[in-house]
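In: structure, please.
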Amino acid sequence: MQILLRDAVQSHSAAKAKGSLWNTGNYFFLDAVERQLSFDRVVYSTADLPDADTLVLSMSNFISPTTDLSHFADAIERKKYEKVVMIGAGAQAERFEDGIRLTPGTLRFLRILSERSASIGVRGFYTADILGDLGIHNTWVIGCPTLFWRMNAGFRIEKKRLPPTQPNFSVNSTPNGKYRDKLAMLYSAALDAGAQYIGQTENFLPLFGDDAEQSRDFFSHYYWDGSFEPSQLETMARLAIHFTSIPEWIDYMHRFDFVVGSRFHGNMAALQAGVPALTLLTDSRTKELCDFLNLPSLNLAHCVRMDFRELYERTDFDLFNATFATKYANYLDFLRHNGLDHRMPGQDQPSPRRPTVSAGGGKQANYDLSALTCLLQDARDSGFANDGLLGRQVAGLLQELRTDAVGNAAERGDFTMQHIETSGRDSRCLEMLLSKLEENARATGHEAQGKARSPTNRSEPSGHGRLIA
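Out: Below you'll find the model as predicted:
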């Protein structure tokens, strides 16, 4: 018997009747798991847990110092489940260099997961590294199950030419005081583009409804940067909508040409509708997901200006499309490795796993090396040969590792490794990149001489925080 626990997330009927104060993105990844796997029963509280062989959990970014999951640990031990499988666990921190101190209850819960599953499905390499520090090494990096909503290994995002007049844009965000000025820039660009705001998080939902005038007034003045009238932002907030039904959410997104925002699942709703979306990175959660899944992204802190048309033209899905089948097969292998009954179509051919690599130079260095190793393996396995685009992806991944001058050179396609400064940090990732580029050069009959081949396409930079200089 295989059951799914959706604790801490209301049922859809309850959400519609009462209104939801939860992050509606939680509905998305839980609905994805419920759609992809076969369950004998779905429960919404640990108090309702039945006896079963297998318990499946999907709880997002619960690896945080603010969570205490002792009640989950108690419930699992009380029921004596033989198998407990976590899908999509994530750690939450502002920077990859940061460690996380967990509560005793959450640590006990994680150790139970490790003992009772073949592997723990984690969002990305940072989360795997955090668990490794705790002595938990049976992790499997899978990204997020929402990416595989369509359950189609041939899934692709096709960019079309924007309509010359009045394209339809949508925007989402996490209202955050730390990024106040950058969010004001985003909202200003959204107003200029006539974008519709789609809410998702509990911080934004109080702006909805006829009785939210005071909240909307504060919102419109707090994020006012002088480039628009506060009344314009208040109107955008008043006209914003949110969804508790994932099929309705995805169906609604078909009307847009492009989506920009910091909400990963808000952007995923667009992608599942076939609409290109650009994720604005604000912390470790979204960055490790976008890096592993090869999704176009941009570090919000590095934005100096925003124009939705320009962002659209410079967002590239070639690498994502080329490597999606590999990510799909990896997720499928994770489900099989844990013996889960699922509905995902696919062949019984194991895909190469992407292990976490330790650089011995701190968490940022570990992440750099793991993410870059994965990127190069993805490129090799998929036959992706656009070194110009690949170089820009690498430039984004190594942003914390290299000086700005070296980063600019890398984006131009200059990978003269002998001259790259690493500030005393591990340089094996740079050596691997050189090896990859030399391998490509030999395959085409050219001599590498320590450099990349000339980029095959520089017209549409994309990727991990390097869209805008």
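
In: for Lys182, which non-adjacent residue is spatially closest?
Out: Using C-beta to C-beta, 6 or more residues apart in numbering and skipping residues adjacent in sequence, the residue nearest Lys182 is Leu300, 5.0 Å away. Quick note: C-beta positions are derived from backbone N, CA and C, even for glycine.

In: how near is the one you found to Gly261?
Out: Going from Leu300 to Gly261 by C-beta to C-beta, to the nearest Å gives 10 Å.

In: overlap of the contact sets of those two?
Out: Common neighbours of Leu300 and Gly261, using C-beta atoms under 8 Å, 6 or more residues apart in numbering, are 186, 280.

In: where does pLDDT dip in the stretch 51-200 of the chain?
Out: 177 (pLDDT under 70).

In: which stretches in it count as strands?
Out: Taking DSSP state E, counting those that start in this stretch as the criterion, the stretch 51-200 of the chain contains strands spanning 54-57, 83-89, 120-122, 139-141, 169-172, 196-197.

In: just send those back as JSON lines, with mean neighbour count too.
Out: Converted to JSON lines, these look like this (neighbours: other C-beta atoms under 10 Å):
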{"stretch": "strand 54-57", "mean neighbour count": "24"}
{"stretch": "strand 83-89", "mean neighbour count": "23"}
{"stretch": "strand 120-122", "mean neighbour count": "27"}
{"stretch": "strand 139-141", "mean neighbour count": "23"}
{"stretch": "strand 169-172", "mean neighbour count": "26"}
{"stretch": "strand 196-197", "mean neighbour count": "21"}
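
In: for Leu389, which of those strands is the nearest?
Out: Among the strands of the stretch 51-200 of the chain, the nearest to Leu389 by C-beta to C-beta is strand 139-141 (22.3 Å).

In: and that closest one, which strands flank it?
Out: strand 120-122 (parallel) (DSSP bridges).

In: identify the residues contacting the partner strand?
Out: By C-beta under 8 Å, 6+ apart, the residues outside strand 120-122 that reach it are 85-90, 110, 113-114, 128, 131, 136, 138-142, 334.

In: would you check how far apart Ile63 and Trp149 are?
Out: Separation of Ile63 from Trp149 (C-beta to C-beta) stands at 24 Å.

In: low-scoring stretches of the stretch 251-400 of the chain, by residue?
Out: The model of the stretch 251-400 of the chain has pLDDT under 70 over residues 348-361, 398-400.

In: hey, where'd the helices end up in it?
Out: 264-272, 284-293, 308-313, 318-337, 363-382, 387-397 (DSSP state H, counting those that start in this stretch).

In: want to throw these into JSON lines with distance to Asp98?
Out: Shown next, in JSON lines, are these (distance: least, C-beta to C-beta, whole Å):
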{"stretch": "helix 264-272", "distance to Asp98": "19"}
{"stretch": "helix 284-293", "distance to Asp98": "8"}
{"stretch": "helix 308-313", "distance to Asp98": "29"}
{"stretch": "helix 318-337", "distance to Asp98": "26"}
{"stretch": "helix 363-382", "distance to Asp98": "7"}
{"stretch": "helix 387-397", "distance to Asp98": "18"}
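
In: so which of the ones you listed is the most surrounded?
Out: Highest mean neighbour count of those: helix 264-272, a mean of 27 (counted as mean count of other C-beta atoms under 10 Å).

In: that one to helix 284-293, inter-axis angle?
Out: On the basis of axes from the mean of the first three to the mean of the last three C-alpha atoms, to 10 degrees, helix 264-272 is oriented at 30 degrees to helix 284-293.

In: so what touches helix 264-272?
Out: With contact meaning C-beta under 8 Å, 6+ apart, helix 264-272 is reached by 24-25, 28-29, 144, 146-147, 149-150, 157, 170, 172, 198, 200, 243, 246, 249-250, 253, 256, 259, 261, 276-279, 285-286, 289-290.

In: got the angle between it and helix 318-337?
Out: Using the same axes, to 10 degrees: helix 264-272 against helix 318-337 is 110 degrees.

In: residues near Asn23, how many?
Out: Residues lying near Asn23 (other C-beta atoms under 10 Å) number 20.

In: gap between the spatially closest residue to Phe320 that is not a sequence neighbour and Arg116?
Out: The spatial neighbour of Phe320 that comes closest, neighbours along the chain excluded (C-beta to C-beta, 6+ apart), is Asn294 at 4.7 Å. Going from Asn294 to Arg116 by C-beta to C-beta gives 32 Å.

In: which of the two has more residues huddled nearby?
Out: Neighbour count, other C-beta under 10 Å: between Asn294 and Arg116, Asn294 has more, with 28 against 19.

In: the more buried one contacts Asp378, doesn't it?
Out: Yes. The pair Asn294 and Asp378 qualifies as a contact (C-beta atoms under 8 Å) at a distance of 6.5 Å.

In: which neighbours do the two share?
Out: 319, 323.

In: so which of Ile63 and Trp149 has more stuff around it?
Out: Neighbour count, other C-beta under 10 Å: between Ile63 and Trp149, Ile63 has more, with 26 against 22.

In: middle-most residue in the chain, spatially?
Out: Among the residues of the chain, the one closest to the centroid is Leu289, at 3.0 Å (C-alpha atoms, centre = their mean).

In: give me the buried subset of the contacts of helix 264-272.
Out: Buried members of the contacts of helix 264-272, scored by 16 or more other C-beta atoms under 10 Å, are 24-25, 28-29, 144, 146-147, 149, 157, 170, 172, 198, 200, 243, 246, 249-250, 253, 256, 259, 261, 276-279, 285-286, 289-290.

In: for Ile142, what are phi and psi?
Out: Dihedral pair for Ile142: phi -130, psi -10, per degrees, to the nearest 10.

In: please begin residue numbering at 15 from this point
Out: In the new count, where the first residue is 15, that last one comes out as Ile156.

In: who does the nearest residue to it once chain neighbours are set aside form a beta bridge with?
Out: The shortest distance from Ile156 to any residue other than its chain neighbours is 4.4 Å, reached at Gly135 (C-beta to C-beta, 6+ apart). Taking DSSP bridges as the rule, Gly135 bridges to Ile101, Trp154.

In: ok, Gly135 to Trp163 distance?
Out: As judged by C-beta to C-beta, Gly135 and Trp163 stand 16 Å apart.
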